[in-house]
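Peer 1: Just need the structure, nothing else, for what follows:
(one chain, ligands or ions: 1)
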Amino acid sequence: MRLPFRLLKVGHCSHPECVTQRGGRWAATLFPALCGLLRHPTRGWILFDTGYSQHFTTATQPFPERLYRWTTPFTLPPEQTLTAQLARLGIAPDDIAHVVISHLHGDHIAGLRDFPRAGFITMRGEVQAMDQRSRFGNLMHGTLPALLPDDFRQRVRYAEDAAHIALPRELRPFEQGFDLFGDGSLLAVHLPGHSRGQIGIVFRQESDRLTFMSADACWSMGALREDRGPLWIARRIFDHDGQYRQTFQRLRRMQAGGGAPLMIPSHCEQTWKAYEQSTL
Ligand SMILES: [Zn+2]
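Peer 2: Modelled structure (predicted):
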């Protein structure tokens, strides 16, 4: 099954490039917050992550959470909010039926409160990691529990409870995915390391192009190609450094294989530019 797909940029933050890739520049570099919008013929509108929203400002108002905003200042022009972009496409907040959450970092979940009828899909380990940490521990791992809707736990289901099926061979060495809707249309892939239960999604666009949204398993396609991982300062927020490197190397092997899927990291400016210019 093929799914209509759009890539949306919902705000951005800036960091020195050298924080997210060794040998990078000191100059501030833009990191877009990218989201996926998909339409399933019977399951309706689906989002992959939500990017930034004004809820991020509210959640980072008190101390110590304000440190998050100070260390990672973000920009979100009013016309770029996810709800404004969806409205221009004729989609109301209530029309969003599912949000697949790659992981619980603030820049991926800040808009969840805007979609009151959506069911959420994530991995159990992601929620468990949040529950096990203190308020300060969550902040140090980039997680802002205040961004979760009050009824989050009634609305969430876990990707690993879906059927486990073989991934398309183009994704090797990744072998197994979770069949989120039981029809093979949207598969989740566990990408541990950056966070405990991070998932990416795999689907075929209407053009039949196999597409892999890989969340924060690498920050940019350039860094992946050149085998440049992030500096220790960025790795401090990771759940497990060794697993991050293992996932990163698996992505490199996948890219080196024949017929690798179109890969979309959540914060890759180069990928966004190519999408905007229709050269992706
Ligand atoms: Zn992240």
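Peer 1: buried ones in stretch 39-47?
Peer 2: Burial within stretch 39-47, assessed by neighbour count using 16 or more other CB atoms under 10 Å, is assigned to 40, 43, 45-47. (Each C-beta comes from the backbone N, C-alpha and C, glycine too.)
Peer 1: Nearest residue to residue 185 in space, please, no chain neighbours.
Peer 2: Of all residues not flanking residue 185 in the chain, residue 1 sits nearest, at 4.1 Å (CB to CB, 6 or more residues apart in numbering).
Peer 1: which ones are touching the one you found?
Peer 2: By CB atoms under 8 Å, 6 or more residues apart in numbering, the residues touching residue 1 are 41, 183-185, 204.
Peer 1: Distance of it relative to the ion?
Peer 2: Residue 1 is 29 Å from the ion, where distance means CB to the ion, to the nearest Å.
Peer 1: What of residue 98?
Peer 2: According to CB to the ion, residue 98 and the ion sit 20 Å apart.
Peer 1: Packing partners of the strand or helix carrying that residue?
Peer 2: In this assignment (DSSP states H and E), residue 98 forms part of strand 96-100. Judged by 3 or more CB pairs under 8 Å, 6 or more residues apart in numbering; DSSP states H and E, strand 96-100 is in contact with strand 44-48, strand 119-122.
Peer 1: And for the first one, what's in contact with it?
Peer 2: Spelled out, that is strand 44-48. 3, 35-40, 82, 91, 95-100, 102, 115, 118, 186, 201, 213.
Peer 1: That one pairs with which strands, parallel or anti?
Peer 2: Using DSSP bridges, strand 44-48 pairs in its sheet with strand 28-40 (antiparallel), strand 96-100 (parallel).
Peer 1: Turn those into TSV, including mean pLDDT and distance to residue 61.
Peer 2: Listed next are the strands paired with strand 44-48 as TSV, based on pLDDT from 0 to 100; distance: least, CB to CB, whole Å:
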stretch	mean pLDDT	distance to residue 61
strand 28-40	94	20
strand 96-100	98	24
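Peer 1: Out of the ones you listed, which one sits most buried?
Peer 2: Ranked by mean neighbour count under mean count of other CB atoms under 10 Å, the strands paired with strand 44-48 are led by strand 96-100, which reaches a mean of 23.
Peer 1: Specify the next element, helix or strand, located C-terminal of that strand.
Peer 2: Next along the chain after strand 96-100, taking DSSP H and E as the criterion, comes helix 106-109.
Peer 1: pLDDT weak spots in the chain?
Peer 2: Applying pLDDT under 70 to the chain flags the ranges 16-27, 231-235.
Peer 1: And the residue nearest the centre of it?
Peer 2: By CA atoms, centre = their mean, the mean C-alpha position of the chain lies nearest to residue 215, the distance being 3.7 Å.
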